[in-house]
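Novice: Sequence plus the predicted model coming up.
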Amino acid sequence: MRVLLSTYGSRGDVEPLVGLAVRLREHGAEVRVCAPPDEDFAQRLAGVGVPLVPVGPSARALTKAAPAPSSLPQRAAAVIAAQFDAMPAAAEGCDALVATGAMPAAAGALSVAEKLGIRSVSVTFQQLTLPSPYHSPLAYAGRPFPADVTDNRVLWDLDAQSIDSLFGEALNTNRASIDLPPVDHVRDYVIGDRPWLATDPVLDPWLEPADLDVVQTGAWFLPDERPLPDALTAFLDAGEPPVYVGFGSMPLHSSPDAARVAVEAVRAQGRRVLVSGGWADLALIDDQDDCFAVGEANHQALFGRVAAVVHHGGAGTTTTAARSGTPQVVVPQSVDQPYWAGRVAELGIGAAHDGPTPTFESLSAALSSALKPGTRDRARAVAGMVRTDGTTAAAKLLLDAVAQDRPPMHT
């Protein structure tokens, strides 16, 4: 059995596929991943023996360039075209496709699967892209919803119109090139009737609307057995647990002084600091021995050894911190991150920073809340409720569908 996993996005879009790929391979499947050609993605997949089929431009370079919102249709068209160029060869001989990541990329991948007659399923790592009367959609940059519209159903209708305007022409032009009929509504095509939601039900509870059959598998993680680097372990062993500060794949264009603000705020709490560079290129602000610069590291092992995790609020980082039982401070930058910040605060497992730009005062207040003993107690309690079988559930669903020769899962 051969499976193609396809995404376009940040590390948070690629890492879950690493976990699923390894689990599928344990069941005898041959797996390959289509993803951006970034070196860190290639190295991560190579480390678990999964081949990468590079598709489209570098996600890191595109993110750090901060392109104007008005260029989104052109950028999306290039991403869609890249899927149509690379996917047919990558999908050759495959029995199933799992598509996730940016919507135009998923639309392109699913179209190629449709042409080849391959079973496919659409997956999201946060529920805010799934239409529901219980929450509003995410607005695309430069395309805010009318301020006077508050009915979620109306907002989802406007969302569908916006997506068609942004991506419809490019998608249908490429579909016509391989003799596929046009898609009337891009969002509905990508989601299908039975999408998968690869998030934890405690952290991200899904309330099912009657017209969408969502399968919530639990979050996808690969158990990470990598040891922490010796120098990092020595720093951890040398004193009280430090506070981790890292913003993952966020470039922090609005917070050029984020490293200094974070280090000073953590020091004011009497804590040592771990600074993770990430796509924001955070660095130490001085040579004092209470700070340590963190590169690529096993977060599953690391987060359990720190006093708190200060981060951007990506789904993966939020879930990893929650599983570790460590309090969080979420400084949301964009997209779904304010949602995850809100969930952390609602669950009582940390603090939600107000807005993307921390100051010494604002971050100090959030840290003070997160470092309270009651917050740690609650974080430990919630950690025991978080599922750990997401990839197992997803792999079984996919393998069963193929083994029983079911019709395409994506409709």
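Specialist: Structure's in. What do you need?
Novice: buried residues in the helix or strand of the chain with the lowest mean pLDDT?
Specialist: In the chain, the helix or strand scored least confidently by mean pLDDT, DSSP states H and E is helix 59-65, which has a mean of 87. Applying a neighbour-count criterion of 16 or more other CB atoms under 10 Å, one finds Ala59, Arg60, Leu62, Thr63 buried in helix 59-65. All C-beta spots, glycine's among them, are computed from the backbone N, C-alpha and C.
Novice: which element follows that helix toward the C-terminus?
Specialist: Next along the chain after helix 59-65, taking DSSP states H and E as the criterion, comes helix 72-90.
Novice: so Pro133 makes contact with Leu155?
Specialist: No - Pro133 is beyond contact range of Leu155, at 10.0 Å (criterion: CB atoms under 8 Å).
Novice: With neighbour numbers in mind, choose between these two.
Specialist: Set side by side, Pro133 and Leu155 show more neighbours around Leu155, with 18 against 13, by other CB atoms under 10 Å.
Novice: Tell me the pLDDT of the more buried one.
Specialist: pLDDT recorded at Leu155 is 97.
Novice: And Ser255, by the same measure?
Specialist: pLDDT, Ser255: 84.
Novice: what two of the buried residues of helix 59-65 are the furthest from one another?
Specialist: Arg60 and Leu62 (7.3 Å; CB to CB).
Novice: quick one: contacts of whichever strand or helix holds Arg23?
Specialist: Using DSSP H and E, Arg23 sits within helix 11-26. For helix 11-26, contacts defined as CB atoms under 8 Å, 6 or more residues apart in numbering pick out 3, 5, 7, 31, 33, 35-36, 40-41, 44-45, 48-50, 98, 100-102, 125, 198, 219-222, 248-249, 314-317, 390-392, 394-395, 398-399.
Novice: Narrow the residues you listed to those in strands?
Specialist: Val3, Leu5, Val31, Val33, Ala35, Val98 (DSSP state E).
Novice: Which of the residues you listed sits closest to Ser255?
Specialist: Out of the ones in strands among the contacts of helix 11-26, the member with the shortest distance to Ser255 (by CB to CB) is Ala35, at 27.2 Å.
Novice: related to what we said a few turns ago, if you rank the ones in strands among the contacts of helix 11-26 by neighbours, which is first?
Specialist: Going by other CB under 10 Å, Val98 tops the ones in strands among the contacts of helix 11-26 with 29 neighbours.
Novice: Skipping its backbone neighbours, what lies nearest it in space?
Specialist: Sequence neighbours aside, Leu5 is the residue nearest to Val98 in space, at 4.8 Å (criterion: CB to CB, 6 or more residues apart in numbering).
Novice: Which pLDDT value goes with the one you found?
Specialist: 98.
Novice: Which single one of the buried residues of helix 59-65 is nearest to Asp148?
Specialist: Closest to Asp148, out of all of those and judged by CB to CB, is Thr63, at 32.5 Å.
Novice: Can you tell me how far the closest one is from Pro36?
Specialist: 10 Å (CB to CB, to the nearest Å).
Novice: and Val112, what element?
Specialist: Using DSSP H and E, Val112 falls in helix 103-116.
Novice: chain center to that helix, what's the gap?
Specialist: 20 Å (CA atoms, centre = their mean, to the nearest Å).
Novice: Average pLDDT for it, rounded please.
Specialist: 97.
Novice: Show me what that helix is packed up against.
Specialist: Under the contact definition 3 or more CB pairs under 8 Å, 6 or more residues apart in numbering; DSSP states H and E, helix 103-116 sits against strand 2-6, helix 72-90, strand 96-99, strand 119-124, helix 152-177, helix 186-191.
Novice: Flag every buried residue along the longest one.
Specialist: Meaning helix 152-177. 152, 155-156, 158-160, 162-164, 166-172, 174-175.
Novice: Next, work out how far apart the closest residue to Pro209 other than its chain neighbours and Thr199 are.
Specialist: Using CB to CB, 6+ apart and skipping residues adjacent in sequence, the residue nearest Pro209 is Ser132, 5.1 Å away. Counting by CB to CB, the gap from Ser132 to Thr199 is 14 Å.
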